[in-house]
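Engineer: Sequence and predicted structure are below.
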Amino acid sequence: MGAPLLQTSWVGKLFVKLPGRAMEKHLRPVFTLELGYKILAGLVTIGKFDGTHPCLTAATSTDKVLIHSPHRRNASEVGKLVWSEYNKEIATLNVNQPVTALQAGQLIPGSDKDILAIGTASNLLVYHVHDNKDIFYKECEDGVRSITIGQFHQFKSNILLVGGNSSIHGYDHTGQDVFWVAIGDIVTALVLMDYNLDGSNELIVSSEDYNIRVLSGDNVIAEHNETEVVSGLSGLPDQRFAYSVSNGTVGVYERKSRLWRVKSKNFAVSMHQYDLLGQAAAQLITGWSNGKIDCRNFNTGEVLFKDSMPSSLAGIVEGDYRSMGRNDLICVSTEGEVRGYTTTKSMSSTGSSNVEQDTIKDLLTQKQALLMELKHYESNSKYNSNAANETESYEASGIIPSNTRLQIVVTANVGEGDVKPHIEVYICTNNSTIIKAVIIFAEGIFSGESHVVHPELSRLASDMSVPLYLPRDTFVDIHLKALVGYPNSIQFHVFEVTKQLPAFSMYALGVNEEATRPKGFVQFKTAERLQRICLWINQNFIFPDDIEFESGPTLQLTIKCLRDSTDLVMLFEVSGRTTFFCNNMFLAADLVQSLAGYLKLDNLQSRASFEQEEDNLKQLMQKLSDIQEARLKLDTDVADQLGRIRNLIIRAEDCRINDIKDMMSNYHELSGVNKALISGYNIKAQNYNEGIETMKRINQIIQKASRLRVGQHSAVMINHCRNAIKNNNIEGLIKIIRTGEL
Amino acid sequence: MELQLSRVDYTVAGVTNKNCMRLLPPSTSKEPQKVAIADSEGILQLFSVRRDDIQIHFKTLPGPPITSLKVAGASGTANDKIFIAAGNEVKGYTKKGKLFLVFDSGMTETINSMFVLGNELFLCGRHVYNHYRDCKDVGSYLCGDTIVDVIAFYMTKTRRLTSLIACEGRMIRVLEHARVTLSMEVESSPTVLHIYEDDDSRTVLFGTVDGKVGILDVESLGGFQRWLILNDKNLCPILCIHSYNMAGNGDKNLILGRQDGNIEIYYVNVHDEMDASHIIFLENCNESITSLQCGIVASQGYDEVLAVTYSGRIFGLTTQVTDANFDGSTGSYVFSNDASNKIAKLKTDVEELQAQVRKERERYQEATLNSNFMELSAISLIPVNSTFVLDRTTATYLLILEAPTAIDNILIECNSQVDLLDVEKNTAVVSYSLDTHSKAKPHLLATYRCQINTSRIELKIQTSEGEKGVLQAYVSPVLQPKCSRLLQFDIKALSLHYRVNEYTDLDRPYSQLKLKGTFTLAEIHNWISQCLPEVPEKPQIDCSLFFQSSILGTILICAYKKGEADFKSDNIMTLCVLKEALSVEATKKKAKIEINLEINDDCINHVLKIIEPQLLEHKSFLKDRELYQALHELEIGEEEIRKYLSDKYRTILKKGNELNEHFNRYPNYLNRLYDSIIKLFSSHHKLKGTQPGRQKIDQLQANLENYSFANIVTLFRPELIKENLN
């Protein structure tokens, strides 16, 4: 791995660092106002409900939707909206359930008026603010987590897309269900943009299973794995989009490659593109949980401007709020503070008023660092030329032989006794120097972003092994920094090594070749030579020796998973037929996707059989219909009880006049009914949660099954599944999962 | 801000120590002043600023680190002689660069601070103070404390030569003829002394390690007079003070340089207490300011503050407007000629250096690949500036680490129970790591990955008393070849105590711990310094030390001599911890000791009484916050609801920010108080020879949450009830 010099800092490569110093001049807001309500983070939108005037719309912490209409002329509207007595510009709409998603947009063909879509845990209300009427109201079993409105795929007019707990539904302006796709987990954000420049919009979806997917219709055309829950997305011009992750990362993808990302200790709440600095091209504006707002160049991530609000940002939108004929950038904080910014030309180029001085400052910083490095080399050669005369022990100041090397070996350790199976990273030096500590920076595999091993003084040695557990089957870059010196040194040389752990690192080659094959399998045909497949294996697994195919009709590998010790058998035949035997359909799907990606297959059809999952699916489908039945029954119960309550109240009040004794007994009975109603409600709530959970698991299975295929076949399968589920055709569903066709 | 100054960067030197930059007085009134700067590479240079360039008048060869630089002259001549102190030598240079004085002080310690007044020379090492007249030793003084700064002047009335030394042990000593005539106790450790002169009066100011500036009354030997600048906003140590009329209205302003890189200019009135100081300018440069002075450096007629940072950046904050180059018509900036020349020159400099570095890098690389020769990789130690101080009001430690170049990451390791608190201005991404190797001990492992251009980082650390430990910080700069510097900080067994100079409250009940055995004075002094912070390095003549706990306010009095030590405290927990720590130290030395502990049970009531107000205050804050959150849930935006609330709730709603601030400042404080009481309870039992059961502790915890003084005292001292019953 060589000397310390060979490596460069990993963070520099992957992350753009946040600059330490603040910009000197601040851009001033062009307007500020207080809404006087606490706003929920992420639930801010803006709509031209009358077709011309933008209204800031946000969800409050008290289950209301607030509409701010600074341009309102006549104050005599009636209906669902309640106009505030104190602030004539603010109207509220009682939702009476926590609002989970909010979006304004044009949905009705031929109308220029925006409508407002409000999502809660179980309902979707599409509301026409200007005409004060409901367009449609839908019960959404899968919940509403995110909403977007716009043109998508081959649909002629705009549709409303709703991301739920495990799926996405599309509705047209009449409330007709026109689109459905399964997503493995809660959908956190939806963005419509023309990703591949084909003239129609693609849907970018982020979900809680750390994924970002790009959908063209039913077809997944791109997929990115992040290391934490992806919390937000924002479309940018030129086939780019920005994303934010709940661990504080913000970044930009240009098609399939990531342009940059930064990580800070706060997390991004809202992102928006706006040309704040008058650079002709827009910048990425990010609002953070600590109240910071920053404006970045979206090619490089460089911060061009910063401001901060006293509390967390709730949302960033743009609209012509001052009736100036151009849009302002509007930032809303969770405390209800609103600030508007506008494009400011004089901030040009670097955002600082004093370019000369900054240039000089930067050059001096460079000079300083270079001088210091040079000094290190000088003192090094001076020390070496004078080494014989040096009397002091060199160990204390951390002087090591210059040919010191750090070796690193990564192996799978199947574990023994108390030791769980793990991946072992073994490092050692080639001489008497010891490893004082090791810091490993990596994303998604530790609770934080780093793992440190710092042995006690008595246990210091020149080698060390670090156990790693990878929770998921995705490749991980580990950046290892080893502090090398002597036990009593006060300075250490840092050896830096960057290594990529392949996606299927947590699988070890089994010793026992005769192991029985697991029952579940997926089978498909490729036209590739086995040698090429060996390359894929060697790239995606860590086996002690590279696998090579010499001759014979088949290549069979028996593999053990280090997480749960289950078996995986991969059988490759010369004919091109490939079979993965394992009981874990998710693993099989990951393998298929990885291999297809490696071989650059656009389409792949496969046969599969996973009895366990099929049984699960059957049970889940059964459970779902039970739950739905139970729900109907509960609903009728509630209706019954409501009738009784009405009855009892009338009777009781009658008795107040006629027979006061009977009144008591009637009220007593009423209290009993009330109790029954409450317990009924609790049952209903539980039933609902179970329903959601079941739904989610079904969707997960379907989604994974679709990943057993690639390209068109996968999309076709999803389509079939949708129909099967609609008709509650369990057998059909299983057949689809097995063959990909109905 | 009332004052508008703009920053202009001039040049870079090596890593600088405190007090290592001075301006030479102008030779003619028309000419800008020359700058003398000395760094830790031993290079002294004198330069002046030309329109587009730096003109170096002379530059010495590298040598031992220069620790102090002064500009002075024999009485009657111009003050334009440069004196530098390095090692135990003082050298004098004329402004032409001629070496006119080499003086070996003969001191055993290296010189830390120096003051030159005419032909009088004052040199201080860590503990030694020496006074020379015409380079002849005329007196010396040995101080038990660490000396941090020295100044001297002639008294206005008596014309007697007086010198002042600032000592770390919160003492400023006045000396005449090398004899201490007055010891002035101050509340926090001084870091720097400054003479503020206006008209014909002279005031001595001092800066402190926790960010305050105070006035000393020296003329009438009155001691500490008052605080001129308080530290409500900034707790960062003050490193340099200068006074100059920056605002241009005839009054002298006070200019402060702090360790967090703040340069602050204040309006002050040292004569009138009612005329409050206020800040008129603030600029942060992200690096500690090691020295600053005001004068005219760049262009005639424009005053400026010239400052030097720890890493050797030299820049000015000038009153000259540099914004003039904005071209309004094109909306872009144009570089002025001078600036473009300067930039071009710097660019070539940087390019040359890059080429040179590339060559050296290759050579270094070759050596690493060569396995035959026994060559070594010897990277000189990376200097890291650090402070580790206790903030008494919140009972937390502030750790500041600063490298002369950008830091990549910092690894913090600690073998005792400590918590890292979030610091708002710290932008580094922290990540905790579980320790898998040693399971028995509490162990902290955390990494801080710094953002770009961060060369300085602040951490807040919460310790708990009981066991001593060591906090280790591995600082890895971005600089190649990559190295990591290890720094160690002791966390003493009684880490939350601080030294007070004197304590006279005899009304407190005291318990006593007596130690007898065959130990020397030096040994017992050493043991005590292992247990308590701020213990002077050398034992003083009357060996008594006083400490106060920052969290509880209890007192510890130590009196010791050869073979005998006596500790008195109103908190038996303190004594209990001390007892254990001392016996560990004694066993290490294999010294035989006899420990005798006398417990005064009234101490329990007393300590509980001391804690009570704090406990109640923090409890009420907690309750208010809970109420606040609940009240806030109500639609507080709507006036009508607010109308129905009681006065109490309305006030709570109003002080929401105050509450948040309080909890940011005192995170988890109530639990720390609970913890102290529980520890007190356990030590009480331990000293009585019993073990408090889990159940009893739970009972205590429950009682703390439903606080009542009587109940808690009964839990501590059940015998009291029996007595009452009898």
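Structural biologist: Perfect, thanks for sending it.
Engineer: drop to CA atoms for contacts and neighbour counts, all remaining ones
Structural biologist: OK.
Engineer: could you pull out the strands for the stretch 51-200 of chain A?
Structural biologist: Listed in chain order, the strands of the stretch 51-200 of chain A (DSSP state E, counting those that start in this stretch) span A:55-60, A:64-68, A:82-83, A:90-94, A:99-105, A:115-120, A:123-128, A:133-139, A:146-150, A:159-163, A:167-171, A:177-182, A:187-193.
Engineer: Specify the stretch among those that is closest to B:Asp349.
Structural biologist: Closest to B:Asp349 of the strands of the stretch 51-200 of chain A is strand A:187-193 (Cα to Cα; 48.3 Å).
Engineer: Next, the angle from that closest one to strand A:146-150.
Structural biologist: Using axes from the mean of the first three to the mean of the last three Cα atoms, to 10 degrees, one finds that strand A:187-193 and strand A:146-150 are set 10 degrees apart in direction.
Engineer: What is the subsequent helix or strand relative to strand A:187-193?
Structural biologist: Remark: after strand A:187-193, the chain's next helix or strand is strand A:202-207, criterion DSSP states H and E.
Engineer: Pull the distance from stretch A:185-194 to the chain's centre.
Structural biologist: Relative to the mean C-alpha coordinate of its chain, stretch A:185-194 is positioned 10 Å out (Cα atoms, centre = their mean, to the nearest Å).
Engineer: shaky segments in the stretch 451-600 of chain B?
Structural biologist: Applying pLDDT under 70 to the stretch 451-600 of chain B flags residues B:503-506, B:541-542.
Engineer: And the stretch 1-150 of chain A, by the same measure?
Structural biologist: A:1-27, A:72-87.
Engineer: So which bits of the stretch 401-550 of chain B are right by chain A?
Structural biologist: The stretch 401-550 of chain B has residues B:405, B:427-438, B:445-447, B:451-454, B:478-487 near chain A, with proximity defined as Cα under 8 Å from any Cα of the partner chain.
Engineer: what do you get if the cut-off is 6 Å, keeping everything else the same?
Structural biologist: Taking Cα under 6 Å from any Cα of the partner chain as the criterion, the neighbours of chain A within the stretch 401-550 of chain B are B:429, B:431, B:433, B:451-454, B:481-486.
Engineer: Now for those residues: which two are most distant?
Structural biologist: Spatial extent of these (Cα to Cα) is set by the pair B:Ser433 and B:Pro481 at 26.1 Å.
Engineer: higher neighbour count, these two?
Structural biologist: The neighbour comparison of B:Ser433 against B:Pro481 (other Cα atoms under 10 Å in any protein chain shown) goes to B:Pro481, with 24 against 20.
Engineer: which residues in the stretch 101-250 of chain B form strands?
Structural biologist: Under DSSP E, counting those that start in this stretch, the stretch 101-250 of chain B gives strands at B:113-117, B:120-124, B:128-133, B:136-142, B:147-154, B:161-167, B:171-176, B:179-185, B:190-198, B:201-208, B:213-217, B:223-229, B:238-244.
Engineer: I'd like those strands written out as a markdown table, with distance to chain A, mean neighbour count and mean pLDDT added.
Structural biologist: Converted to a markdown table, those look like this (distance: least, Cα to the nearest Cα, whole Å; neighbours: other Cα atoms under 10 Å in any protein chain shown; pLDDT from 0 to 100):
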| stretch | distance to chain A | mean neighbour count | mean pLDDT |
| --- | --- | --- | --- |
| strand B:113-117 | 26 | 23 | 91 |
| strand B:120-124 | 28 | 23 | 91 |
| strand B:128-133 | 27 | 20 | 91 |
| strand B:136-142 | 30 | 15 | 89 |
| strand B:147-154 | 25 | 21 | 91 |
| strand B:161-167 | 28 | 22 | 91 |
| strand B:171-176 | 32 | 21 | 89 |
| strand B:179-185 | 36 | 16 | 86 |
| strand B:190-198 | 27 | 21 | 89 |
| strand B:201-208 | 26 | 20 | 88 |
| strand B:213-217 | 27 | 21 | 88 |
| strand B:223-229 | 26 | 17 | 83 |
| strand B:238-244 | 21 | 24 | 90 |
